[in-house]
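In: Build me a model:
(2 chains)
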Amino acid sequence: MMNKTTKWILWSVLLVFLIIYPLVFGIYYTNVFVTFAIAALYAVAIQMLLGFTGFLSFGHAMYFGVGAYGTAIALVHIKGLPLIVSVLFGFASALLLALVMAPLVVRLSVTAFAMIHMAFGMLAYTLALKLRNITGGEDGIGAFPIPPLRIPGVFSIDMTDPTNFYYFAMVILGVSIWILWFVTKTPFGCLMVGIRDNANRIDYLGFKLPQTKAVLYLLVGGFAGIAGSIFALFQNLISAMELYIMHSFIQIMQIMVGGIGSFFGPILGAGVFAVLEELTSRYTQRVELVIGLILILVIMYFPTGLIGMYHHFKTRFFTRQAD
Amino acid sequence: MSILETKELSHDFKGLWALRNVGLQVKEGERHAIIGPNGAGKTTLFNVITGTYVPSKGNVFFKGNDVTKAKPNEMVRLGMGRSFQITSTFSRLTAFENIRMAVLSKRGIRFNLFKQVDKMNDVTEETDAILKRINLDGERDIPASALSYGKSRSLEISMALATDPDIVMLDEPTAGMSRDETHTAVELVRRLTEGKTTVIIEHDMDVVFSLADRITVLHHGEILAVGTPGEIEKNQEVKDAYLGEMEV
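Out: Okay, here's the model as predicted:
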């Protein structure tokens, strides 16, 4: 067990690392890190649904995408929109979609849940392609103004500067991940894992299943939307491709590699994917080939993912055998 | 005064009438056993009463309210606890977390997203007290799936009781247990349900006659006899039903 001091030291080291990272590694790797952090929040949100509550979704790219479009469209059409409000626009549009979807999906079985999401995910993708005057179709929406972060009369920070944007993104994404982590520690978090283990018993203990799932569903949708919103601001471009089904699968793969059922697994998985992509793209364009291979190896030898592997070796080498 | 009553309760599984005109009456404060040969409809009766199924015909009354169409979670909120014949715990959660789930429900903590559950000291204390009472304090942090069969049955029963219900429905608490385990389980049930209205399905006749105040005998979905253990023991029809079963 870690004691309090070690924990504080670890957190401080992480914080210092995050602060000095852009100064040490330069603009290119700063941007790589932001991409990773966006993927991490997205994957953590999906993990709440998949690893904690046991519901697989093949279509959560639509929440990511709607969050991104929400922010981009708001910035295109509303002049002088503050930065934070534009993120809230992304969050709210994803939340709204989740609110519409929730009554439809909370009573479904696990398989039906996955397939319905695949269908709606593809529908969202097609809509984004076809509704050209709203979404810009294949070209998407690009080059919309990125407002500075400012409190009038106090300060104004230019967000087109990658280093400034890095700090902004880290705060939003970090706080979001922290909120999700906190939720897993509350009584509601207990309910989530209870539903995963034995939904019937949850009902027989007096909890309302559909309502509980609905609250979780809103939470997951909303935070996937925040990830999308930051993505739109970061790229200054959002196109229908972000809604494509692969963007629902990749997060599931990251969770599998990182460790299903563990909160920090998806962050690790997203990190592994970011590094792999960075390294392999130097030599070949077939990044997916390497990622697929890693996924197969993990599933074959460590179905519990890298976090599971860590625990396995820890107990093997660092626990004294009973005599 | 009956706390639980069914009137002309019938349930049809696509042509198979698992229950026919069952009029069960459970008085407040008694231990009521439901016995009957395999396939008599005992578990179906439980499922219909606790809300798994809506009966094809008839009504269920609990504390004077018509609860025929109530869902399981509504029945629990009205004050009914239920355990299952096939152990139905949260297998990957520890014994402590299993009981805590019931304690949270009892305290009405359902959508709390703002306080860490580990910091709710009253919940932790109550859960630990329950674990101590059922002799599971030694297995506090062991996953339910790793408990011995007897211990996991204890956990199963205690979860039904931990919501502090007014009536508790136990579906074969000693199912699949060895003689020793049965003895321990019966003592546990006796201790935990003291003064509490209990409906219990049981196969083991020794258990039934030592625990129950009154017995209802089900046979082919119908009530064959109702009475005290002494009356049931002497009833010729009941003997025939069980002996007939043995010949098959």
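In: only C-alpha atoms for contact and neighbour calcs from this point on.
Out: Noted.
In: Grab the most central residue of the chain for me.
Out: Went with chain A since none was named. residue A:42 (0.7 Å; Cα atoms, centre = their mean).
In: Correction: the question concerned chain B.
Out: In chain B, the centroid-proximal residue (Cα atoms, centre = their mean) is residue B:170; its distance is 1.7 Å.
In: close enough to count as contact, the residue nearest to the centre of chain A and residue A:223?
Out: Yes. With contact defined as Cα atoms under 8 Å, residue A:42 reaches residue A:223; the gap is 7.3 Å.
In: in which helix or strand would I find residue A:276?
Out: Using DSSP states H and E, residue A:276 falls within helix A:265-280.
In: Now do that helix: everything it contacts.
Out: Outside helix A:265-280, the residues that touch it by Cα atoms under 8 Å, 6 or more residues apart in numbering or on different chains are A:32, A:35-37, A:39-41, A:43-44, A:47, A:251, A:253-260, A:286-287, A:290-291, A:305-307.
In: The helix or strand that that helix is followed by: which residues count as buried?
Out: Note on helix A:265-280: by DSSP H and E, the next helix or strand toward the C-terminus is helix A:287-301. Neighbour counts using 16 or more other Cα atoms under 10 Å in any protein chain shown place A:287, A:291, A:294-295, A:298 of helix A:287-301 among the buried residues.
In: Helix A:287-301 - contacts with which helices or strands?
Out: The criterion is 3 or more Cα pairs under 8 Å, 6 or more residues apart in numbering or on different chains; DSSP states H and E, and the helices and strands that helix A:287-301 contacts are helix A:246-258, helix A:265-280, helix A:305-318.
In: Show the average pLDDT along that helix.
Out: For helix A:287-301, mean pLDDT rounds to 89.
In: And for stretch B:151-165?
Out: 92.
In: thinking again about what came up before, which among the contacts of helix A:265-280 count as buried?
Out: With neighbours counted by 16+ other Cα under 10 Å, the contacts of helix A:265-280 contain buried members at A:35-37, A:39-41, A:43-44, A:47, A:251, A:253-260, A:287, A:291, A:305-307.
In: Which secondary structure element is home to the residue of chain B found nearest chain A?
Out: Across chain B, the shortest distance to chain A (Cα to the nearest Cα) belongs to residue B:73, at 3.8 Å. Element membership for residue B:73 (DSSP H and E) is helix B:72-78.
In: what ranges do the helices span in chain B?
Out: Along chain B, the stretches classed as helices by DSSP state H are B:42-50, B:72-78, B:95-106, B:121-133, B:149-162, B:179-192, B:205-211, B:229-234, B:236-247.
In: Would you reformat these as a markdown table and include mean neighbour count?
Out: Output for the helices of chain B, formatted as a markdown table (neighbours: other Cα atoms under 10 Å in any protein chain shown):
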| stretch | mean neighbour count |
| --- | --- |
| helix B:42-50 | 23 |
| helix B:72-78 | 23 |
| helix B:95-106 | 24 |
| helix B:121-133 | 16 |
| helix B:149-162 | 24 |
| helix B:179-192 | 16 |
| helix B:205-211 | 15 |
| helix B:229-234 | 14 |
| helix B:236-247 | 12 |
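In: so who does the residue of chain B most remote from its centre touch?
Out: The C-alpha centroid of chain B is most remote from residue B:114, which lies 33.7 Å away (Cα atoms, centre = their mean). Residue B:114 makes contacts with A:183, A:186, as judged by Cα under 8 Å, 6+ apart.
In: count of residues packed around residue B:20?
Out: Residue B:20 is flanked by 20 other residues according to other Cα atoms under 10 Å in any protein chain shown.
In: Verify the contact between it and residue B:10 for me.
Out: Yes. Using Cα under 8 Å, residue B:20 is in contact with residue B:10, at 4.5 Å.
In: The nearest residue to residue B:212 once chain neighbours are set aside and residue B:163, how far apart?
Out: Residue nearest to residue B:212 in three dimensions, not counting chain neighbours: residue B:31, with 5.0 Å by Cα to Cα, 6 or more residues apart in numbering or on different chains. To residue B:163, residue B:31 is 18 Å away according to Cα to Cα, to the nearest Å.
In: can you check residue A:65 too?
Out: From residue A:65 across to residue B:163, the span is 43 Å (Cα to Cα).
In: count of residues packed around residue B:18?
Out: 21.
In: And it, what's its pLDDT?
Out: 92.
In: Let me see the contact set for it.
Out: The contact partners of residue B:18, by Cα under 8 Å, 6+ apart, come to B:10-12, B:40-41, B:44, B:220-221.
In: cool, residue A:111 as well?
Out: residue A:56.
In: That one belongs to a helix, doesn't it?
Out: Yes. Counting by DSSP: H, G, I helix; E, B strand; the rest coil, residue A:111 falls inside a helix.
In: quick one: buried residues of the longest strand along chain B?
Out: In chain B, assigned by DSSP state E, the strand with the most residues is strand B:2-13. For strand B:2-13, the neighbour count (16+ other Cα under 10 Å) marks B:3-6, B:9-11 as buried.
In: How about residues contacting that strand?
Out: The contact list for strand B:2-13 (Cα under 8 Å, 6+ apart) reads B:17-28, B:55-64.
In: Separate out the buried members of these.
Out: Neighbour counting with 16+ other Cα under 10 Å marks B:18-26, B:28, B:55, B:58-63 as buried within the contacts of strand B:2-13.
In: what about residue B:85, how many neighbours?
Out: Look at residue B:85: counted by other Cα under 10 Å, it has 19 neighbours.
In: How about the one 3 residues further on?
Out: The number of residues packed near residue B:88 is 20, by other Cα under 10 Å.
In: Surely it and residue B:156 touch.
Out: Yes. Under the criterion of Cα under 8 Å, residue B:88 makes contact with residue B:156 at 6.6 Å.
In: Surely residue A:219 forms part of a helix?
Out: Yes. Counting by three-state DSSP, residue A:219 is found in a helix.
In: Tell me the confidence at it?
Out: Listed pLDDT for residue A:219 reads 96.
In: what's the distance between it and residue A:114?
Out: 18 Å.
In: cool, and residue B:44?
Out: Look at residue B:44 and residue A:114: by Cα to Cα, they are 32 Å apart.
In: same question, residue A:284
Out: In terms of Cα to Cα, residue A:284 sits 33 Å off from residue A:114.
In: Appreciated, that's everything.
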